[in-house]
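Colleague: Provide a 3D model corresponding to the input given below.
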Amino acid sequence: MSDAPILGPINHVTDLDSAGDFEKKHTPHIDLDEVDDGLLVTVTVGWDVPHPNQPDHYIAWIELLADGAPIARFDLSPVVTAPVVSISVNVDPGCVLRAVEHCNLHGLWAAEVTV
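Modeller: Numbers count the residues shown, from 1 in each chain. A predicted model of the protein is given here:
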C-alpha cells in the first residue's frame, strides 16, 4: 500500500501520461459510447493501474455529474464489487461530465470530459 499523501480536497490529475502509478490507480477514467438515445458513460477506477479492492483499501463510491449537477451515484463494497460503473445519459453537446470517486484511504479523485 502506498504512503502517498492525499493531494487536496479533490485530487484532479490533468496529465495522466506523466502521472505515477498512485495517481493512475485513483483517477477515474471516463469512456463515452453513443447509444440510441444518448451516451453510455462508463467510469472505471484503476483503468491503467489496478486499484486494490480489499476490506482495508477500496473504492467506496463513484458519482457522475453533468455541468456540476449530480446525476448518478454508485455505492460500492470491497471485495464483491469492481470499481466500474455504466449509465446511459442524454446530455447536450458541450456538457462537462465529471466523475468523482472516493477511496477509503486516499480521499476524493476526479476526472472530466466534455461531450
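
Colleague: what is residue 63 paired to in the beta sheet?
Modeller: Following DSSP bridges, residue 63 is listed with bridge partners residue 73, residue 100.

Colleague: Next, give phi and psi for the residue nearest the centre of the chain.
Modeller: Central residue of the chain (CA atoms, centre = their mean): residue 28, 2.8 Å from the mean position. Main-chain torsions, residue 28, degrees, to the nearest 10: phi -60, psi 140.

Colleague: which intervals of the protein have sub-threshold pLDDT?
Modeller: Within the chain, the stretches with pLDDT under 70 are 1-8.

Colleague: do that again at 50, thanks
Modeller: 1-3 (pLDDT under 50).

Colleague: Where do the strands of the chain begin and end?
Modeller: 10-12, 28-35, 38-45, 59-66, 69-75, 84-89, 96-103, 107-114 (DSSP state E).

Colleague: Please identify the deepest-packed of those.
Modeller: Mean neighbour count (mean count of other CB atoms under 10 Å) peaks for strand 96-103 among these, with a mean of 21. In this view, the C-beta of every residue, glycine as well, is placed from N, C-alpha and C.

Colleague: From the contact counts, what lies against it?
Modeller: Strand 96-103 is packed against strand 28-35, strand 38-45, strand 59-66, strand 107-114, with contacts defined by 3 or more CB pairs under 8 Å, 6 or more residues apart in numbering; DSSP states H and E.

Colleague: The second one: how far from the chain's middle?
Modeller: For strand 38-45, the separation from the chain centroid amounts to 10 Å (computed by CA atoms, centre = their mean, to the nearest Å).

Colleague: Check what contacts that strand and list those residues.
Modeller: For strand 38-45, the external contacting residues (CB atoms under 8 Å, 6 or more residues apart in numbering) are 25-34, 51, 59, 62, 64, 83-91, 97, 99, 101, 103, 109, 115.
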